[in-house]
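Peer 1: Next comes the sequence, and after it the predicted model I'd like to discuss.
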Amino acid sequence: MRIDTTAAAELVSRHISPPWGDQSTGFGPVEGAIAAGWGRSRPALLLGAIIVVLIGVSYWITYETGGTRYAVTHIGYLPVLLAAIAFGLPGGFSVGILVGLCLGPAMPLDTELHVAQPTINWAIRCGFFVIIGSLAGAVISLLCTHYRRLNLLACFDRVTNLPNGSLFYELLNRQVQCRPDGAELYCVFIDHPTFEEVLLTLGSREADELLAKLARGLERAKPDGSVLCHMRGGRFAIYLTAVDADGAMAAVRALNATSAEPIDVGGIPISVESHCGLARFSPETGDSWALSRQAAAALEHAEQQGVEIATYDEVTKDRQPDALMILGELRKALTGEVGLHLAYQPQIEIATGRCIGAEALLRWTHDRLGAIPPGRFIPLAEKTAMIRPLTQWVIGTAVRQCAEWEREGLDLPISVNISARDLGAPGFAAFVRQTIERHGVAPGKLELELTETAVMGDLVDTLAILTELADLGLRIAIDDFGTGYSSLERMKRLPARTLKIDQSFICHLAEDPNDVFIVRSSIALAHSMGMKVVAEGVETQAAADLLREFGCDCAQGYLIARPLDPAGLRAWLARSTPDPAPAMPDHLTSLASTAVAAPSAAG
């Protein structure tokens, strides 16, 4: 779709101007300012006054230095060029004529002898002033027109003929800054996930056709005085002013209704899915960026809940800390090592009930937000580079604790979870080696756990790093087995010696025959590959009995013990010394009395 340059120029001229002025007409940087009124015409009037003064100065200097016989007349080019720069072609042409006349018949050839100029002299000089002024003005006008065209291309979307995201944020920021006290301002994000499906299945031409039709429908439905913008993909944004809460909701419903009927794309009727997020500006919001983030959060909430419209107030009913805020606080916690700590969940050998290790689980207690669940902050860290220093902190703390237990005569290996990003970090294996060497811990005391999805990525690099770690003497375990996408051909090449069955298959083991089949098969598969099997999330005696029957090697979960701090783990070990007989159920029953009832195992 071709950009409507008239409407686009009007919008850009109000909000984006070249560094040398307003190009609303394309003739000169100041002409648009003159037409805009006194407030914006004062620079133009000032430039005009300066040009008049320069013309007078040129006349005076030429007269005082003896007339046009001398080369001082070239000073007349100053007001001509300034007029060309300020007013474009009309300014250069008109001031060129004016300067030519001032230095023409009214200026003697020699002021001392009072000799008049020949007509041909001043006429040629005037012609040069006009030509130079006109050429300079034409060049400046062309440059301004080109700059204005670049502004249009930079601020408008080619397909929808709408302002793009960058201009929307500028317009929204101006609305926030100029908003009178008490005036209502709403930000709305509208997304059409169907656009991505059309793009992938039908192609870009049909997707552009759908996008253009969506834009026209939204443009017709938007309230007067608002500006509709195309952000990216199938997402649009609009701000609403001079409406109350009911009016804003009515406007959002009208916008959402534009995609209620199927839209014909290339002869195919397409049912378009639409979601809207609405946020209201308040003094607590802060600025336009915060308002747009709130609208985006409301839109995300609508998509997650499968509803057409959601407001930011609905998101905040069960408000969780903002992701960016959590990451910022986590960075502070890592820097000052405040609030972060490890809890250790024992792992027992099922056949004997002997504790053979513990898994280190990261916990974070914030001084203001309280206990933040690992499922809240760890996925956020994994999406950023923050997971690397976080994993280094966990490994360093766990190895230091292992060394302290060794000094106390406690031989207890520790398992630590790492992510795919950790494997891809330069120098990760070297860091692990330096850490265990610094604390004097045997490499076999540290086990690194990776999810099967993490190890199924770039196998060549993953295999190289895991082999290097295994060659150091570290133990490798595949965690959460059964929840990802496994390739047995790849798994058999990994130097892993432990397989941990995810707790989702253990918690209902006694009731679900499918879980029984999966767990029994997984144990047999792991044993056939020479791997030890650990069952996570063991919470019931019935599940423990079945695991023992299936030949599972080890178990961890709330039936055995909850995650404990170092002192709590020592106390648990002191009162949980197993009976040397191989029978295990009585031992687990006694341990269950010490466990804390909970709906699921921590992980």
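Peer 2: Arrived safely, thanks for sending. Residues are numbered from 1 along each chain as shown.
Peer 1: Most distant residue from the centre of the protein?
Peer 2: Leu113 (78.8 Å; CA atoms, centre = their mean).
Peer 1: Where does that one sit: helix, strand or coil?
Peer 2: Put simply, Leu113 is coil when judged by DSSP: H, G, I helix; E, B strand; the rest coil.
Peer 1: Counting neighbours, which bits of the lengthiest helix in the chain end up buried?
Peer 2: Using DSSP state H to define each element, the chain has its longest helix at helix 119-155. For helix 119-155, the buried set under the neighbour-count rule, 16 or more other CB atoms under 10 Å, comprises 122, 125-126, 128-130, 132-134, 136-137, 140-141, 144, 147-149, 151-152, 155. C-beta coordinates here come from the backbone N, C-alpha and C atoms, glycine included.
Peer 1: elements contacting that helix?
Peer 2: Applying 3 or more CB pairs under 8 Å, 6 or more residues apart in numbering; DSSP states H and E, one finds that helix 119-155 makes contact with helix 5-15, helix 77-102, helix 165-178.
Peer 1: so where's this protein shaky on pLDDT?
Peer 2: The model of the chain has pLDDT under 70 over residues 1-42, 70-72, 314-322, 337, 452-459, 484-489, 577-603.
Peer 1: Just give me the longest strand of it.
Peer 2: Longest strand in the chain, counting residues (DSSP state E): strand 355-366.
Peer 1: partners of that one in the sheet?
Peer 2: strand 340-349 (antiparallel), strand 370-372 (antiparallel), strand 414-417 (parallel) (DSSP bridges).
Peer 1: To Leu474, which of the helices and strands packed on helix 119-155 lies closest?
Peer 2: For those, distance to Leu474 was read as CB to CB. The smallest value, 47.2 Å, belongs to helix 165-178.
Peer 1: which of the residues in the closest one are buried?
Peer 2: 165, 167-169, 171-172, 175-176.
Peer 1: and the residue nearest the centre of the chain, what element?
Peer 2: Geometric centre of the chain, nearest residue: Leu324, 9.5 Å, by CA atoms, centre = their mean. When elements are assigned from DSSP states H and E, Leu324 belongs to helix 323-336.
Peer 1: Which elements pack onto that helix?
Peer 2: Using 3+ CB pairs under 8 Å, 6+ apart: helix 323-336 touches strand 355-366, helix 374-382, helix 387-407.
Peer 1: Can you mark which positions in it are buried?
Peer 2: For helix 323-336, by 16+ other CB under 10 Å, it's 323, 326-327, 329-330, 333-334.
Peer 1: Could you check how far Leu410 is from Leu278?
Peer 2: Separation of Leu410 from Leu278 (CB to CB, to the nearest Å) stands at 57 Å.
Peer 1: brain fart, Ala106
Peer 2: 69 Å.
Peer 1: Looking only at neighbour counts, state which of those two leads.
Peer 2: Using other CB atoms under 10 Å as the criterion, Ala106 and Leu278 rank with Leu278 on top: 26 against 12.
Peer 1: Please report phi then psi for the nearest residue to that one once chain neighbours are set aside.
Peer 2: Nearest non-adjacent residue to Leu278, counting by CB to CB, 6 or more residues apart in numbering: Thr311, 4.7 Å away. The phi/psi pair for Thr311 (degrees, to the nearest 10) reads phi -110, psi 160.
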